[in-house]
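**Student:** Got a predicted structure plus its sequence, pasted below:
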Amino acid sequence: MAEDSSVELDRFGASRHPRDVENLFGHEREEAQFLAAYRSGRMPHAWLLSGPEGIGKASFAYRAARFMLSHPDPTTDAVQRAHSLESSFETGAGRRISAQSHGDLLAVRREIEPGKKAIPTEIKVDQIRKMIQFFETTAGEGGWRIAIIDTMDELNRSGANALLKLVEEPPPRSLFFMITSAPGRLLPTIRSRCRVLAFRALKEADLVKALLAQPVPPSQPVALKAARHAGGSVKSALKLIDPATLSVIEHVEGVLRKLPALDRAELLQMADGLTGRERSNDYQTVIETVQNWIADQCRVRAGEGGHRLAPLAEVWEKSARIAGETDRYNLDRRPFLLSLFADLAEAVRLSNGI
């Protein structure tokens, strides 16, 4: 029986769970690479799906798993003639995957323990041990046994070591999808045993398609505006569908466009308005908007030399560190916000040689 959606920590808001996403936009290249490997008969047993957060890596993993479990023999015409990994949700395999009842597919993810309210911060070693037991049994339908680990970034050290042993000596016809937004943090011994499939941030046109395909789609203008600010991430774009969030972003971007000039009265008003707990989401939006702006500046001005970029990079590092400390110790946000924009103004002056 399917779990209650309220406890599925790998679902974002009211959007579809990755296992129920019918249309995957913008990852045709990755689908072609995976399909070619499957058709070849030399299928890697471990795939590392890497790329920015919220761009569809988990949706791809479920889509690929559904295709393979629906077509377990890669030599059939259905596989050899396929142009994508699309497969019907109405097949036996498709229906059971949606119902979380397919015996040959295991999702390894953070889970709230029965009777507890605390939200776990990691995937525990016991979950990997259960996965090992899963692969010790024969596939129920005589085909593949597939595990989706979402995400490797949340797997603790003991779990990673236990997983390594399984990946080093995988059972026949076993497949691992390991999802990560930070491949550099993984054990090198795990990375070296995986075929890496690097996913790219989505283009704005693909983000708009993904937003309009949601259960409750936004209007076209809202989708276009959200896609423009989302940095290629569907997850970020879904947050930006809220007009109030977009208003915060546009306000901050207006301040940033004026740098190195600062309207201190405007800044003080903004900082005062972000102090309450009920404004936590808006405060986080401000921080993310500033960090995205710094990243864009560094990318656009990459050819100007390190001496031009160093002041901006220093503010980026400092803002991330102090924002974390402000949240961790529940400090007053106003001094941090005021110093952040003052530091940005000085960094822009230095990087422009003013």
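**Tutor:** Ah, there it is. Please read these numbers as outputs of a predicted model, since none were measured by experiment. Residues are numbered from 1 along each chain as shown.

**Student:** alpha carbons only for contacts and neighbour counts from here, please
**Tutor:** OK.

**Student:** Over to Thr138. Which of the three states is it?
**Tutor:** coil (DSSP: H, G, I helix; E, B strand; the rest coil).

**Student:** For it, grab the count of nearby residues.
**Tutor:** 15 (other Cα atoms under 10 Å).

**Student:** got it, and the one 3 residues further on?
**Tutor:** Taking other Cα under 10 Å as the neighbour definition, Glu141 ends up with a count of 12.

**Student:** ok, and the closest non-adjacent residue to it?
**Tutor:** Asp104 (7.7 Å; Cα to Cα, 6 or more residues apart in numbering).

**Student:** who's in contact with the one you found?
**Tutor:** Residues near Asp104 by Cα atoms under 8 Å, 6 or more residues apart in numbering: Ala139, Gly140, Glu141, Trp144, Arg145, Ile146.

**Student:** Which strands border the host helix or strand of the last one, and is each parallel or antiparallel?
**Tutor:** Spelled out, that is Ile146. Element membership for Ile146, per DSSP states H and E: strand 145-150. Using DSSP bridges, the strands paired with strand 145-150 in its sheet are strand 105-109 (parallel), strand 174-180 (parallel).

**Student:** Just the buried residues of the shortest one, please?
**Tutor:** The neighbour-count check on strand 105-109 (16 or more other Cα atoms under 10 Å) flags Leu105, Leu106, Val108, Arg109 as buried.

**Student:** Next one: the second one relative to Ile146, how far apart?
**Tutor:** With the distance defined as Cα to Cα, to the nearest Å, Leu106 ends up 6 Å from Ile146.

**Student:** for the third one, same thing?
**Tutor:** When distances are taken as Cα to Cα, Val108 and Ile146 turn out to be 11 Å apart.

**Student:** sorry, back to before: tell me which of the buried residues of strand 105-109 is nearest to Glu8?
**Tutor:** Distance to Glu8 across the buried residues of strand 105-109 (Cα to Cα) is lowest for Arg109, with 9.0 Å.

**Student:** you'd agree that closest one is up against Asp150?
**Tutor:** Yes: in this structure Arg109 lies within contact range of Asp150 using Cα atoms under 8 Å: 5.2 Å.

**Student:** Which residues are in contact with each of these two?
**Tutor:** Asp10.

**Student:** how about Leu337, phi and psi?
**Tutor:** phi -60, psi -40 (degrees, to the nearest 10).

**Student:** Do you know the pLDDT at the residue nearest to Glu141?
**Tutor:** We have a pLDDT of 96 for Asp104.

**Student:** same question, Ser6
**Tutor:** Ser6 is given a pLDDT of 51.

**Student:** number of nearby residues for Phe134?
**Tutor:** Neighbour number of Phe134 under other Cα under 10 Å is 18.

**Student:** Please disregard the earlier target; I meant Phe336.
**Tutor:** Neighbourhood size, Phe336 [other Cα under 10 Å]: 16.

**Student:** swap in the one 4 residues further on?
**Tutor:** When counting by other Cα under 10 Å, one arrives at 19 neighbours for Leu340.

**Student:** and it, how far is that from Val286?
**Tutor:** 11 Å.

**Student:** Can you lay out the buried residues of strand 105-109 as TSV showing distance to Glu169?
**Tutor:** Below are these laid out as TSV (distance: Cα to Cα, whole Å):
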residue	distance to Glu169
Leu105	19
Leu106	18
Val108	19
Arg109	22
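
**Student:** List just the nearest of the residues you listed to Ala82.
**Tutor:** Distances from Ala82 to those, taken by Cα to Cα, are shortest for Leu105, at 22.1 Å.

**Student:** Tell me how this protein divides into domains.
**Tutor:** 5-198, 242-351 (automatic domain parsing).

**Student:** Can you say which of the strands paired with strand 145-150 is nearest to Ile123?
**Tutor:** strand 105-109 (6.1 Å).

**Student:** Identify all contacting residues around that closest one.
**Tutor:** With Cα under 8 Å, 6+ apart as the criterion, strand 105-109 contacts 9-10, 65, 97, 123, 127-128, 131, 134, 145-151.

**Student:** quick one: which of these is nearest Thr75?
**Tutor:** When the contacts of strand 105-109 are compared against Thr75 (criterion: Cα to Cα), the nearest one is Ala65, at 16.7 Å.
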